[in-house]
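Trainee: sharing a sequence plus its predicted fold:
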Amino acid sequence: MNLLTTIANFLIWLQPIAKTAVPFLAGFTLFCASQAEKSQSFWLRLGLFCTFVCFGTWSTFNFLVQPKFAGQVDPFPGGDLILAALFAAAGAATYFVWLREGQPWLDARAERLTKRSSLERNKKTDVRQIGNFLLAVEKRFDPREFFDQKKGFFLGLTGDRQAFWPTATLPHVQVVGTTGAGKGVVLGSLAAQCLVAGEAVFWLDPKDDEWAPHVLSDAAAKTGKPFVYVDLRPAAPAQINLFHGATKEEREELLLAGFSLSEKGAESDFYSIDDRWGAATVAADYTSGDTPASLFNRHREMLDQKAKKFFGLFREMAELAPVNARDGADLARIVQEGGAVYVVGSMRNAKVIRMQRMLLVRIIQLCERRDRTQGKPRPVCAILDEAKYHISKPFLESLGAARDKGLHVILAHQSQADLRDCPADLNAEAVLGAVMENCSLKLVYRVEDPKTAEWLARKSGRIQVDDEVRRVSKNAALSEVVNDERQIRQTERFLIDENMILNLRKSQAVVFGNGLPHFITTSPMPTTKNPENIKTHAFPGDEIIKAAELI
């Protein structure tokens with residue numbers, strides 16, 4: 001009897017709750033039951049269960065307990081019906097709010113707590129979390145601490161390891177990256193190591209880098225080799241003579257290369273025949289001590305009459321004082337005995353740009369003419385910063401065979417568009433292909449051009465990655481929810497993709513051609529600026545005769 005009384009008292013206590021809870025859960029459950037989504041099945045069962053429990057409690061109380069203990073039955077009339085309707089509406093509204101806000105919130109929390117399969121492989125990169133795919137950048141260090149000729153050429157640090165090119169000489173090297181990304185840093189490091197290895201180094205710089213001449217001068221001093229600073233800009237004095245010591249064929253090649261007079265495969269080739277004749281005539285008439293100015297003075301009238309274009313181009317060369325020394329810096333001696341030459345040019349002055357191309361061709365000629373029957377010639381490194389201002393047809397044609405002559409080049413540029421912007425007698429695609437094919441080692445810093453990033457990413461090769469597919473549906477409250485099931489399918493991406501190359505950190509680069517592509521960190525060599533490093537040595541030279549003086 002005590003047990004029945006206890007149960008009756010519990011039902012009496014629960015009855016007011018059941019009168020409101022029954023309609024509330026009924027409204028909640030009916031809305032839930034109207035949805036056909038599998039994700040609602042759990043809540044449907046739970047709602048139905050609670051409804052039956054509460055309805056059973058209310059029924060038991062009204063028909064069994066209350067008549068026995070109170071002698072009357074509450075038929076749930078009048079105001080109770082209104083109350084029931086209100087709570088049924090409240091139940092439906094609660095479920096609507098749950099669909100609208102609660103379920104997406106719960107999905108987001110479940111996503112965070114989900115333990116992913118350990119069998120899932122690499123993923124595609126997301127530029128918003130690109131830091132997760134990049135190697136951490138090392139703190140600034142002194143590259144000279146890692147120079148080791150036994151290991152090869154130090155490139156940079158990759159994590160806790162050192163990256164080396166493991167041969168006694170470098171191949172042709174392509175360095176790509178936007179301004180300020182770190183190209184100059186690695187150029188200085190490689191130049192210093194070339195000097196340590198006993199090479200002759202020629203650094204051709206059209207933009208007049210703030211630190212490069214000091215880095216190269218310090219490196220030359222530490223190896224006991226001479227350092228020569230050459231300034232090709234118009235205001236500089238006479239310093240070099242590109243014709244000095246050259247054969248007739250070499251002088252003619254210099255003029256054709258510098259002035260882009262070779263055949264272009266167009267109708268204009270007919271009109272350039274006279275200009276090439278003028279170049280051949282001038283090249284044949286050279287005597288020791290002649291300069292472009294003295295040759296122009298001697299042939300100006302003939303050239304003006306028979307080779308108009310060559311006359312104008314050769315006059316501009318003769319007017320440029322830096323290349324009109326009667327003797328000048330001995331480039332051939334640097335090639336033979338070693339040392340460093342830093343050449344400042346221009347990116348805007350057309351006359352200076354032609355001399356930059358001509359100077360590079362002269363370096364190639366000096367390497368080619370060496371006797372290779374008496375042993376291996378001294379390696380020569382030509383560093384071409386802003387490479388598009390140095391490229392000519394002879395250079396491009398010799399790029400594939402230059403290493404056999406003891407010459408290797410390091411080309412630095414910002415994008416593939418730089419290589420396409422070549423002289424008129426060259427094919428842009430041929431230039432691009434020749435550089436890509438012959439530069440087996442590539443150091444890529446951050447670039448700004450998406451096309452360049454894609455072009456370089458293809459070089460890294462493809463890897464297999466897992467791509468996730470999930471189903472998203474829209475519920476009755478117009479909220480999107482994600483299905484619990486997801487699919488993983490196999491797809492591909494580049495090992496080093498465009499997102500990585502476009503977002504590399506400062507001084508961080510990707511190495512291509514030294515095993516699998518990998519990240520490195522580079523750092524500048526500590527140095528101080530010395531005004532003596534950027535002083536030119538003036539030589540006696542010639543000037544063209546002014547028109548007024550001819551009258």
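Mentor: Good, I have the coordinates.
Trainee: contacts and neighbour counts: CA atoms only from here.
Mentor: Will do.
Trainee: now do the helices in the stretch 251-400 of the chain.
Mentor: 273-284, 292-306, 308-319, 331-337, 350-368, 393-399 (DSSP state H, counting those that start in this stretch).
Trainee: mind checking the SS state of residue 229?
Mentor: Here residue 229 is recorded as strand under DSSP: H, G, I helix; E, B strand; the rest coil.
Trainee: and residue 160, which of the helices of the stretch 251-400 of the chain is closest to it?
Mentor: Among the helices of the stretch 251-400 of the chain, the nearest to residue 160 by Cα to Cα is helix 393-399 (35.6 Å).
Trainee: I'd like the average pLDDT over the closest one.
Mentor: Helix 393-399 comes out with an average pLDDT of 80.
Trainee: that helix - contacts with which helices or strands?
Mentor: Secondary-structure packing of helix 393-399 (3 or more Cα pairs under 8 Å, 6 or more residues apart in numbering; DSSP states H and E): helix 248-259, helix 350-368, helix 428-438.
Trainee: 10 Å instead?
Mentor: helix 248-259, helix 350-368, strand 407-413, helix 428-438 (3 or more Cα pairs under 10 Å, 6 or more residues apart in numbering; DSSP states H and E).
Trainee: residue 277 contacts residue 307, correct?
Mentor: Yes. Contact criterion Cα atoms under 10 Å: residue 277 and residue 307 qualify, at 7.7 Å.
Trainee: look at those two and report which has more neighbours.
Mentor: More crowded of residue 277 and residue 307, by other Cα atoms under 10 Å: residue 307, with 21 against 16.
Trainee: ok, the more buried one to residue 381 distance?
Mentor: 36 Å (Cα to Cα, to the nearest Å).
Trainee: among the helices of the stretch 251-400 of the chain, show me which one is buried the most.
Mentor: Mean neighbour count (mean count of other Cα atoms under 10 Å) peaks for helix 350-368 among the helices of the stretch 251-400 of the chain, with a mean of 23.
Trainee: need the mean per-residue confidence for that one.
Mentor: For helix 350-368, the per-residue pLDDT averages 93.
Trainee: over to stretch 127-137?
Mentor: 80.
Trainee: now it: how far from the chain's centre is it?
Mentor: Distance of stretch 127-137 from its chain centroid, counting by Cα atoms, centre = their mean, to the nearest Å, is 14 Å.
Trainee: need the distance between the two termini of that stretch.
Mentor: 18 Å.
Trainee: list the buried residues for it?
Mentor: Under the neighbour-count criterion of 16 or more other Cα atoms under 10 Å, stretch 127-137 has 134-135, 137 buried.
Trainee: repeat for stretch 150-161
Mentor: Neighbour-count burial for stretch 150-161 [16+ other Cα under 10 Å]: 152-158.
Trainee: possible to save the helices and strands packed on helix 393-399 as CSV with distance to residue 388?
Mentor: Listed next are the helices and strands packed on helix 393-399 as CSV, based on distance: least, Cα to Cα, whole Å:
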stretch, distance to residue 388
helix 248-259, 13
helix 350-368, 10
strand 407-413, 7
helix 428-438, 10
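Trainee: for residue 543, which of these is the nearest?
Mentor: Nearest to residue 543, of the helices and strands packed on helix 393-399 and by Cα to Cα, is helix 350-368 at 15.7 Å.
Trainee: just checking, what packs against that closest one?
Mentor: Partner elements for helix 350-368 (3+ Cα pairs under 10 Å, 6+ apart): strand 200-205, helix 248-259, helix 308-319, helix 331-337, strand 339-344, strand 380-385, helix 393-399, strand 407-413.
Trainee: what's the angle from that helix to helix 248-259?
Mentor: Going by axes from the mean of the first three to the mean of the last three Cα atoms, to 10 degrees, helix 350-368 is angled at 140 degrees with respect to helix 248-259.
Trainee: now the angle from helix 350-368 to strand 380-385?
Mentor: Orientation check (the same axes, to 10 degrees): helix 350-368 against strand 380-385 gives 160 degrees.
Trainee: between strand 339-344 and helix 350-368, find me the angle.
Mentor: 160 degrees.
Trainee: next one: helix 350-368 to chain centre, how far?
Mentor: From the chain centre to the centre of helix 350-368 is a distance of 29 Å (Cα atoms, centre = their mean).
Trainee: that one to helix 308-319, inter-axis angle?
Mentor: Using the same axes, to 10 degrees: helix 350-368 against helix 308-319 is 80 degrees.
Trainee: okay, helix 350-368 in CSV with CA atoms only?
Mentor: Output of helix 350-368 as CSV, limited to C-alpha atoms (Å, rounded to 0.1, in the frame of the first residue of the first chain):
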residue,chain,number,x,y,z
ALA,A,350,69.1,51.6,-75.1
LYS,A,351,72.8,52.3,-75.8
VAL,A,352,73.9,50.8,-72.5
ILE,A,353,71.6,47.8,-73.0
ARG,A,354,73.3,47.0,-76.3
MET,A,355,76.7,47.2,-74.6
GLN,A,356,75.6,44.8,-71.9
ARG,A,357,74.7,42.2,-74.6
MET,A,358,77.9,42.9,-76.4
LEU,A,359,80.0,42.5,-73.2
LEU,A,360,78.4,39.1,-72.4
VAL,A,361,79.1,37.9,-76.0
ARG,A,362,82.7,39.0,-75.4
ILE,A,363,83.0,36.9,-72.3
ILE,A,364,81.7,33.9,-74.2
GLN,A,365,84.3,34.5,-76.9
LEU,A,366,87.1,34.7,-74.3
CYS,A,367,86.0,31.3,-72.9
GLU,A,368,85.6,29.7,-76.3
